[in-house]
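K.L.:
Sequence and predicted structure are below.
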Amino acid sequence: MCALDAAALHPDLQVSTGHGHYYAQAAELRSTITCALVRDLGAGDFRPYLLHNSTSALMAVLFAATNAGRSINTEGPIEQHYSPYNFLLPRAGPLADWELRTHVSPVTAVVDELGGRSIRIVDAAQSLGTVLTPALLTGSDVAIAPLHKHLGLVVGLGLVLVRRDVPDLEPVHRVLRVAESGAQSIELLRRAASAIKNLDGRIANLAQVNVSPELSAWCLDRGLRPLASGPGAPYVCLTTTDGIPVADRLAPTGWRHFREFNTARFSFVRRGRPGEAAVDHVLEFRMAVNRALGR
């Protein structure tokens, strides 16, 4: 393989270890990472791509679809989606060719059942790597998630899973092949590959909080209301029953504040392997809420 010249990569940045030039080594590392993720997640029906982060991945997928002449409609209420995306999300209406959905809301924990009949692009940031992964893989045609959330591997990489053998998705494959071939930090790729190897398949977050009627009543007794019910995400989102700011009721410890929605998110992690049983964190949730309430 020919060496890179200075116009392709500054000589000070060229690596002297490994096989092939910088881009070849990066491609080999990407293949190692994505093959392991597909294997461990049980995502054999999908072709994986690794980009700089899930935001750039989503933009690449949306570009691929619209460039191919596909209209896209964003499904679900505004609070279902990551709020910084709101002004970017396509809203072509109910007759659109494809759908964009967010599997689990980051601010309510409501789980989208991923129904519908068209091609589904899914923001899976809060579900890939959780016990909701099988439902995600069944209900999506394109799934996008970062490696730094529930997979817990490294900050700065985004995974796109594109269903194989779907002719309508060929424009997405074509764009993503180009998008992931650009310059990436080889040090970051090495850290991701090392993390996957060291975790030996333990890339899942098995934590789950079952928001039962009993737990909802427990929250209501404390002036708090869960925004979702049933088993699902590894977190619970609460607001106040009387509308006062959650920051006035809860001490700023152990939870994430979404001021725009007056929401407090309590989240949990329990490492394990995909396919293992969920680990209910109701007790940990109650303890965290009581600490925030000063009890």
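P.N.:
Cool, got the structure.
K.L.:
Every contact and neighbour count from this point should use C-alpha atoms.
P.N.:
OK.
K.L.:
Surely residue 44 touches residue 38?
P.N.:
Yes. Using C-alpha atoms under 8 Å, residue 44 is in contact with residue 38, at 5.9 Å.
K.L.:
where along the protein do the helices fall?
P.N.:
22-41, 54-67, 133-139, 170-179, 186-199, 213-220, 246-249, 282-293 (DSSP state H).
K.L.:
Now tabulate those in TSV and tack on distance to residue 239 and mean neighbour count.
P.N.:
Output for the helices of the chain, formatted as TSV (distance: least, C-alpha to C-alpha, whole Å; neighbours: other C-alpha atoms under 10 Å):
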stretch	distance to residue 239	mean neighbour count
helix 22-41	33	18
helix 54-67	27	19
helix 133-139	27	18
helix 170-179	39	17
helix 186-199	36	16
helix 213-220	10	15
helix 246-249	6	16
helix 282-293	12	16
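K.L.:
Would you reformat those as CSV and include distance to residue 255 and mean pLDDT?
P.N.:
Output for the helices of the chain, formatted as CSV (distance: least, C-alpha to C-alpha, whole Å; pLDDT from 0 to 100):
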stretch, distance to residue 255, mean pLDDT
helix 22-41, 28, 94
helix 54-67, 23, 96
helix 133-139, 24, 97
helix 170-179, 35, 97
helix 186-199, 27, 97
helix 213-220, 15, 98
helix 246-249, 10, 96
helix 282-293, 8, 98
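K.L.:
Nearest to residue 273, out of these?
P.N.:
Within these, the stretch nearest residue 273 is helix 22-41; the backing value is 7.8 Å (C-alpha to C-alpha).
K.L.:
and the angle for that closest one with helix 186-199?
P.N.:
On the basis of axes from the mean of the first three to the mean of the last three C-alpha atoms, to 10 degrees, helix 22-41 is oriented at 30 degrees to helix 186-199.
K.L.:
gap between helix 22-41 and the chain center?
P.N.:
Mean-position distance between helix 22-41 and its chain equals 18 Å (C-alpha atoms, centre = their mean, to the nearest Å).
K.L.:
For it, name the packing helices and strands.
P.N.:
strand 46-51, helix 186-199 (3 or more C-alpha pairs under 8 Å, 6 or more residues apart in numbering; DSSP states H and E).
K.L.:
Look up phi and psi at the residue nearest the centre of the chain.
P.N.:
Nearest to the mean C-alpha position of the chain, by C-alpha atoms, centre = their mean, lies residue 125 at 1.5 Å. Backbone torsions of residue 125, given as degrees, to the nearest 10, read phi -60, psi -40.
K.L.:
How about it: what's its closest non-neighbour residue?
P.N.:
residue 145 (4.3 Å; C-alpha to C-alpha, 6 or more residues apart in numbering).
K.L.:
With that, I have no additional questions.
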